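Q: kindly return the folded structure for what I paste below:
(2 chains)
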Amino acid sequence: MPDVIEKEAAVPGSASAPATAPAKAGKPRSLWSDAWRDLRRNPFFVVSAALILLLVVITLWPSLFTSVGPRDADLQHHYLGAADYGHVFGADWFGYDGQGRSIYARVLYGARASVIVGLCVTAFVTVLGGLLGMLAGYFGGWLDTLVSRLTDIFFGIPLLLGCLVVLNAFTHRTVWTVVLALGALGWTQMARVMRGSVVTVKEADYVTAAKALGAGTTRILLRHILPNAIAPVIVVATIALGGYISTEATLSYLGIGLQDPTVSWGIDISSAQNVIRTAPHVLFFPAGMLSITVLAFIMLGDAVRDALDPKLR
Amino acid sequence: MTTIEKTNPAGNPAAADTAPLLEVRDLHVEFVTREGVAQAVNGVNYSVSAGETLAVLGESGSGKSVTAQTIMGILDMPPGRIAKGEILYRGEDMLKMSTEQRRRIRGQKIAMIFQDALSSLNPVLTVGYQLGEMFRVHQGMSKKDARAKAVELMDRVRIPAAKERVDQYPHQFSGGMRQRIMIAMALALEPDLIIADEPTTALDVTVQAQVMDLLAELQREYHMGLILITHDLGVVADVADKIAVMYAGRIVETAPVHQLYKNPAHPYTKGLLQSIPRLDQKGQELYAIKGLPPNLLRIPSGCAFNPRCEMAQDVCRTDVPALHRVTDADGAELVGRGSACHFWKETLRG
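A: Below is the predicted model of the structure:
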């Protein structure tokens, strides 16, 4: 008899077991642990996560990969391509740009600006937009009206055009100027997503139940509403991150974002535009890195969305 | 509005001899909608003492849940509005208390059990966390102690393997087990009064009985007051001490439970009792009260039940009946009985 019971308990796919089944000693499963399990099996997630991890390592310690500085110029290498390709991971791996700087080194150091802009803008808009969206959605009233109308107004301004106008006002622009400009124009998107999500969740019975059992407003917001409302925000934020990186590169390309001596893919792409035919490698490598980075974040966002959206299960 | 004020009953005949724990006096609740003001509760009076079970019976839209929500202070306002009335907790009007005072009473002194336990439990938090939250919110207990308390509570409501299941999520429990968890949550701080809003509606019949038995047993153990809101006459019979039947936001009959079943004094109650399927009526068509519950935006004049009542006379269409004290054939008052019907005598003896 015990054998039979053990066999039954060992049947895989506990999810399909009837709800009345006795306690299984299995690990508790929440939305997040379910999502994590889904993610680990998703090849898109694995590839994009590996790429992003590599990118973060490059951002933090670019000197691990090259001993040459991004601003070390030697004009005798002017537009020299890597004809022999003999030096993998060497300074001449990707060739040299017009000022004889190693493109390999510049591509590595350029990751820093992109990743910082991407992460910081996303953090900024998620915290600010998320907070305002949550308060607007929960309390309603004048705050809701204000946030919603602001969102509507900002929705009509294209991110790139808005940034052009804002950044034009600064003569000295650093990474942080760009972060602020993108963040100031981008937070309303997050506020909109968060507000919509909170409005749905706050009607839930468990929120009423928490109120009826005496929980205060802060606890209801942080413990009961936020964890249930945050999934769409995470998805939008992950996908938007890639967008912010490409916007930064576009701005730098247009000469209105980052400025020399900051090393940025956008600046390098910009300076390569006149020599596309004579020295295509100057354009190819920074543009390729930019594409791979943006792609990695968008792939990650897609994978996260698939894992968190219960409708796609 | 004037007609409603006229009907204010003289007093609640069901008032218990001991000082009531909770007393609802002449409560009026309305909802402001686009089409007009819906009068959900029109002068409800009831009281519960410690150790007593009051069953509030009525169909959907009769105002039984709105009354409970008003007591708990979880009514959505707006669109809801308390037009009039008092809710006395140990003699103190809760409607006049500060938000903070009321929050302290919620959960600690008066707790509530909801109809659908699955949607009333937060899906992203473990059951143990949610049970422990009661202690952390109201008593500032540490995480570890709260968890231990949660296990203890789960044991008390007889959830098997409580220690292993405390870290599971609500969706991993069956319906009956989830309702037990809701009961455990309500019981956590040993409140004086529990309001159970259709606690067994979402459960199947065998589990219903188990959950009701558990609730009744725990109530006896802790000597709590219990307000049991239901539309199911079968659930009430074994558990309740007294019953208040609601129709269109008003109490139409109050009675000790067995007297009500044996001898109803209001045509509506009579109709409800007749519409229960019975074994000795095999092959006959089941009785149903004709018509529909009234639109709360346009409650019929006079007795709200008159369009559906077989006994209705002209007086029923003009005068709102007060809650009459019910007497037996010899004129002796039946304690705790009241009927808001002009023809309660005929109903009782007919």
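Q: helix, strand, or coil at B:Leu218?
A: helix (DSSP: H, G, I helix; E, B strand; the rest coil).
Q: name the nearest residue to it, ignoring sequence neighbours.
A: Leaving aside its sequence neighbours, B:Leu218 sits nearest to B:Leu187 (Cβ to Cβ, 6 or more residues apart in numbering or on different chains; 6.1 Å). Where you see a C-beta, it was placed from the backbone N, CA and C, and this is true even at glycine.
Q: likewise A:Met299?
A: A:Ser48 (3.9 Å).
Q: what residues sit buried inside whichever strand or helix holds the one you found?
A: Element membership for A:Ser48 (DSSP states H and E) is helix A:43-60. Of the residues in helix A:43-60, A:45, A:48-49, A:51-52, A:55, A:58-59 count as buried by neighbour count, 16 or more other Cβ atoms under 10 Å in any protein chain shown.
Q: same deal with stretch B:29-40?
A: B:29-31, B:38-40.
Q: pull the residues that contact that stretch.
A: Stretch B:29-40 is touched from outside by B:4, B:28, B:41, B:61, B:63, B:66-67, B:70, B:75, B:78-83, B:85, B:249, B:296-297, B:299, with contacts defined as Cβ atoms under 8 Å, 6 or more residues apart in numbering or on different chains.
Q: try it again with 7 Å
A: B:41, B:63, B:66, B:70, B:78-83, B:249, B:296-297, B:299 (Cβ atoms under 7 Å, 6 or more residues apart in numbering or on different chains).
Q: tabulate the buried residues of stretch B:29-40 (a markdown table), appending distance to B:Leu21, secondary structure and pLDDT.
A: Converted to a markdown table, those look like this (distance: Cβ to Cβ, whole Å; DSSP: H, G, I helix; E, B strand; the rest coil; pLDDT from 0 to 100):
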| residue | distance to B:Leu21 | secondary structure | pLDDT |
| --- | --- | --- | --- |
| B:Val29 | 21 | strand | 89 |
| B:Glu30 | 27 | strand | 88 |
| B:Phe31 | 28 | strand | 88 |
| B:Ala38 | 30 | strand | 85 |
| B:Gln39 | 27 | strand | 85 |
| B:Ala40 | 24 | strand | 86 |
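Q: nearest residue to the middle of chain B?
A: B:Ile229 (2.8 Å; Cα atoms, centre = their mean).
Q: so what does the host helix or strand of that one touch, helix or strand wise?
A: Using DSSP H and E, the element containing B:Ile229 is strand B:225-230. Strand B:225-230 sits against strand B:53-57, helix B:64-72, strand B:193-197, helix B:233-239, with contacts defined as 3 or more Cβ pairs under 7 Å, 6 or more residues apart in numbering or on different chains; DSSP states H and E.
Q: if we compare these, which one ends up closest to A:Pro232?
A: helix B:64-72 (29.7 Å; Cβ to Cβ).
Q: and the angle from the closest one to strand B:225-230?
A: If you take axes from the mean of the first three to the mean of the last three Cα atoms, to 10 degrees, helix B:64-72 sits at 150 degrees to strand B:225-230.
Q: tell me how far helix B:64-72 lies from the chain's centre.
A: From the chain centre to the centre of helix B:64-72 is a distance of 8 Å (Cα atoms, centre = their mean, to the nearest Å).
Q: show me what counts as buried in the helix or strand following it.
A: Sequence order places strand B:80-89 as the next helix or strand after helix B:64-72, per DSSP H and E. By neighbour count with 16+ other Cβ under 10 Å, strand B:80-89 contains the buried residues B:80, B:82, B:84-89.
Q: tell me the residue of chain A that sits nearest chain B?
A: Here chain A gets closest to chain B at one residue, A:Gly214, 3.2 Å apart by Cβ to the nearest Cβ.
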